[in-house]
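[1] Starting from these lines, generate the structure:
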Amino acid sequence: MFGAVRGIIKGILFGLDVAHPRPEDQHEEVIPPDEEASFQPIIDEILDHLKEVWKEPPIHRDVHVKAHGLVKAYLEVLDDLDEDLRHGVFAQPGRRYPAWVRFSNGDETSQPDKTPDGRGMAIKLMGVPGDKLLEQPAGAMTQDFLMIDGPVFFVDEPEHYLDFEKAISDDDEFRYMLNPLQKDRLLRIREFTQSFLLATRTIDSPLTQRYWSMAPYKLGPHNIKFSARPISSPPVPPRPKHQEPDANFLREAMKAQLREGEAIFQLEVQRQVPGKPMPLEDPTVEWKEKDSPFVPIARVRLLQQDFDTEQRRALSERLSFNPWHGLPAHRPLGGINRLRKRVYEAISEFRRTRNGATLQEPTGWEEPAEPPKPAEPPKPAEPPKQAEPPKQAKPPKQAKPPKQAEPTEPTEQAEPAEPTEPTEPTEQAEQAEQAEPTEPTEQAEPTATTSSCGPNAVRAAEPKA
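    Modelled structure (predicted):
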C-alpha cells in the first residue's frame, strides 16, 4: 500500500516538474570557467558542519557513517563480455579481482536501521595496475565503484549544492526544495521527489537491494551509468511479527545470510544514447531503461564469511572510498562528480589529520591485527624457606634429692630420738647435678632467595589507515 502511494506521489511531482525544462540534451561535459573557485565555499560549509557534528576524535564520515558490514568479495569479469565493453578493469574477460565491499546507511548519524534512509554499496577492487586519476596515494593499486539504492541524485548541479548544504546545516531541507522565493526556479520538484523517495525507503537486507551509480562515468570511449543487481543470496532470516526490530537488524541479516553461503550481484552498465534525454550535467535525470537497457559486465561474488569482528569494523572505518580512486578509463563525469573529487579529498584529509591516520590504500585482504592483550608478568619466584635451626637441646633435669625423714615426735615415757641424717644423693644424681647444660647447635644460615620476574615485551600491530 505504501509503495503504491509513493508511486502516485512520484508521478504527480514529476508531472509538475515539466514546467521547469532542463538541458537534457547535453551529451558532453560543460565546465563553467569559474567552477573550480565555486567549490571552495561548498567545501568550507561541509567541513564546518563536520566540525560541529564531530567535536572530538574519532572523526567519522560526513555521510554513510553507519556500516552494516565490510565483506570480502571477488569481482569477476564475464568470460563472454562484448568486445565493445572491454575497457579499464573489464579489458580482460575472465579476470578476477579481490575486493572489499562496504554496505552502509546514508545518514550522517548512526541511526537505527528501521529509520527510512538511503543505503550505500561501495566496492574497492585491489590489484589494479596502471596510472590512476588521483596522484595520491602514489602507487595505489585500487579502483572504487560507489552506488546508492536509488537511480538518481537529488541535487542537479554544483551551483545549487551550497544552498543544499546550508539548508542541511540548518536542518531545513524544505527551504532548499520548496522555497517559492528562489531566484532561479520556483520549486525544485524533481529534487524534492528524489529526496522523498530515498528518505522513505525501508529494506530487509542490504544483500537484496539494487544499487546505482546515480551520476555518469566513462567506460573507455562510452559515457555510462552502472548498477549492481542482486541475483542470488541465502534467504533473509524472518523477524518475529509484532516485535520491534533490532537497531542493527540489517547487519544481523547480512551476518546470518553470509554464514549460510555466498551472495552474488551482477554489475551492469547502461550506455548513453545520442538523441535521448540522458544528460551528463544533471544527475537528477534518470536514464530510462527503455532508451538504453543495462547490460551485464561482471559479477560481484561476496564470499561466505563471518565479518562481524573488531578488526573488520576498524578497517571499515579507516578505508576511504572515492569515485576518483581509479583508472582514467572509468573517469567520473559531470559537475556533481567534479565537485565530489574536491569534497572527498578535503574530508579525507580532515579526518586523517584529526584521527592521526595515514593515507594508504589496501593491497589485499590484510586486516589490522587485533592488538594482543598484554601478557601478565610472571610471578616472582618464591624464595626457599629458611632452614630452621635445630632446637636447642634441653639439659637433663637434675634428680631431686629424697626428702629427709621427719623426726618422730617423742612420747612422754620415751627419750626423744635423735633426728636422722638427710639421705645423701646418689652418685648418678650427683653426676647429673654436676653435668653442664648442652650447648645449642649453631643456627643454619638462611638460603639466599632468587627471582627472575618482569613483564614480557608485547608488540601491537598498527592497523592500516
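[2] contacts, neighbours, all on C-alpha from now
    Will do.
[3] Please, where are all the strands along the protein?
    Assigned by DSSP state E, the strands in the chain fall at 67-77, 96-105, 119-126, 142-148, 211-212, 217-219, 222-232, 263-271, 295-302.
[4] So, low pLDDT: which residues of the stretch 351-465 of the chain?
    Residues of the stretch 351-465 of the chain meeting the criterion pLDDT under 70: 368-465.
[5] The chain now?
    1-26, 167-188, 194, 242, 368-465.
[6] List the buried residues in the lengthiest helix in it.
    The helix spanning the most residues in the chain, taking DSSP state H as the definition, is helix 335-355. Along helix 335-355, these residues count as buried under the neighbour rule (16 or more other C-alpha atoms under 10 Å): 335-348, 350-352, 355.
[7] How about stretch 352-367?
    For stretch 352-367, the neighbour count (16+ other C-alpha under 10 Å) marks 352, 355, 359, 360, 361, 362, 364 as buried.
[8] what's the answer for stretch 153-164, then?
    Of all the residues in stretch 153-164, those buried under the rule 16+ other C-alpha under 10 Å are 153, 154, 155, 156, 157, 158, 159, 161, 162, 163, 164.
[9] These into TSV, with extra columns for distance to residue 104?
    As requested, the buried residues of stretch 153-164 are exported to TSV (distance: C-alpha to C-alpha, whole Å):
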residue	distance to residue 104
153	17
154	19
155	21
156	24
157	25
158	25
159	28
161	23
162	25
163	26
164	22
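[10] Can you tell me which of those is closest to residue 305?
    Comparing those against residue 305 with C-alpha to C-alpha places residue 153 closest, at 32.7 Å.
[11] picking that back up, which of the strands of the chain sits closest to residue 88?
    Closest among the strands of the chain, once you apply C-alpha to C-alpha, is strand 217-219, at 7.2 Å.
[12] Tell me which other helices or strands that closest one touches.
    strand 222-232 (3 or more C-alpha pairs under 8 Å, 6 or more residues apart in numbering; DSSP states H and E).
[13] C-alpha coordinates for the strand it packs on, CSV please?
    Coordinates of each C-alpha in strand 222-232 appear next as CSV, following Å, rounded to 0.1, in the frame of the first residue of the first chain:
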residue,chain,number,x,y,z
HIS,A,222,31.5,5.3,-23.8
ASN,A,223,29.5,7.5,-21.4
ILE,A,224,27.7,5.1,-19.0
LYS,A,225,26.0,4.7,-15.7
PHE,A,226,26.4,1.4,-13.8
SER,A,227,24.3,-0.7,-11.4
ALA,A,228,24.7,-3.7,-9.1
ARG,A,229,21.6,-6.0,-9.3
PRO,A,230,21.3,-8.9,-6.7
ILE,A,231,20.9,-12.3,-8.4
SER,A,232,21.3,-14.8,-5.6
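[14] Mind giving me the packing neighbours of it?
    Against strand 222-232 (3+ C-alpha pairs under 8 Å, 6+ apart) you get strand 211-212, strand 217-219, strand 263-271.
[15] can those strands go into TSV with extra columns for mean neighbour count and distance to residue 313?
    Listed next are the helices and strands packed on strand 222-232 as TSV, based on neighbours: other C-alpha atoms under 10 Å; distance: least, C-alpha to C-alpha, whole Å:
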stretch	mean neighbour count	distance to residue 313
strand 211-212	24	22
strand 217-219	22	30
strand 263-271	22	20
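[16] Any chance of those in CSV with distance to residue 284 as columns?
    CSV is the format used below for those (distance: least, C-alpha to C-alpha, whole Å):
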stretch, distance to residue 284
strand 211-212, 13
strand 217-219, 15
strand 263-271, 16
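[17] State the number of residues packed around residue 207.
    A count of nearby residues for residue 207, using other C-alpha atoms under 10 Å, gives 26.
[18] swap that for residue 105, please
    The tally of other residues near residue 105 (other C-alpha under 10 Å) stands at 26.
[19] which residues touch the residue nearest to residue 87 when sequence neighbours are not counted?
    Excluding the flanking residues, the one nearest residue 87 by C-alpha to C-alpha, 6 or more residues apart in numbering is residue 220, at 5.3 Å. Applying C-alpha atoms under 8 Å, 6 or more residues apart in numbering to residue 220 gives the contacts 85, 87, 88, 329, 330.
[20] Let's have the strands of the chain in TSV, adding distance to residue 203.
    Below are the strands of the chain laid out as TSV (distance: least, C-alpha to C-alpha, whole Å):
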stretch	distance to residue 203
strand 67-77	13
strand 96-105	11
strand 119-126	9
strand 142-148	13
strand 211-212	13
strand 217-219	27
strand 222-232	14
strand 263-271	17
strand 295-302	19
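[21] Which one, of those strands, ends up nearest to residue 35?
    That would be strand 217-219 among the strands of the chain, by C-alpha to C-alpha, at 19.2 Å.
[22] got the contact list for that closest one?
    Where contact means C-alpha under 8 Å, 6+ apart, the residues beyond strand 217-219 that reach it are 85, 87, 88, 223, 224, 225, 329, 330, 331, 332, 333.
[23] And the contacts of residue 220, which is closest to residue 106?
    Nearest to residue 106 among the contacts of residue 220 is residue 330, at 23.7 Å by C-alpha to C-alpha.
[24] which ones are touching that closest one?
    The contact partners of residue 330, taken as C-alpha under 8 Å, 6+ apart, are 88, 217, 218, 219, 220.
[25] Out of these, which two are the most distant from each other?
    Spatially, the most separated pair among the contacts of residue 330 is 88 and 217, at 12.1 Å (C-alpha to C-alpha).
[26] circling back to that earlier point, among the contacts of residue 220, which ones are buried?
    Using 16+ other C-alpha under 10 Å as the burial test, the contacts of residue 220 include 85, 87, 88, 329, 330 as buried.
[27] and the residues you listed as JSON lines, adding distance to residue 112?
    Shown next, in JSON lines, are the buried ones among the contacts of residue 220 (distance: C-alpha to C-alpha, whole Å):
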{"residue": "85", "distance to residue 112": "40"}
{"residue": "87", "distance to residue 112": "40"}
{"residue": "88", "distance to residue 112": "38"}
{"residue": "329", "distance to residue 112": "38"}
{"residue": "330", "distance to residue 112": "35"}
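[28] returning to that earlier point: okay if I get the contacts of residue 330 as JSON lines plus distance to residue 309?
    Converted to JSON lines, those look like this (distance: C-alpha to C-alpha, whole Å):
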{"residue": "88", "distance to residue 309": "33"}
{"residue": "217", "distance to residue 309": "34"}
{"residue": "218", "distance to residue 309": "36"}
{"residue": "219", "distance to residue 309": "36"}
{"residue": "220", "distance to residue 309": "39"}
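[29] Among the residues you listed, find me the one that's closest to residue 298.
    Scanning these for proximity to residue 298, where the rule is C-alpha to C-alpha, the winner is residue 88, at 12.5 Å.
[30] contacting residues for the closest one?
    Residue 88 makes contacts with 219, 220, 327, 328, 329, 330, as judged by C-alpha under 8 Å, 6+ apart.
[31] which one of those residues is nearest residue 297?
    Nearest to residue 297 among these is residue 219, at 11.2 Å by C-alpha to C-alpha.
[32] Identify the bridge partners of that closest one.
    Bridge pairing for residue 219 (DSSP bridges) gives the partners residue 222.
[33] same question, residue 295
    Applying DSSP bridges, one finds that residue 295 bridges with residue 269.
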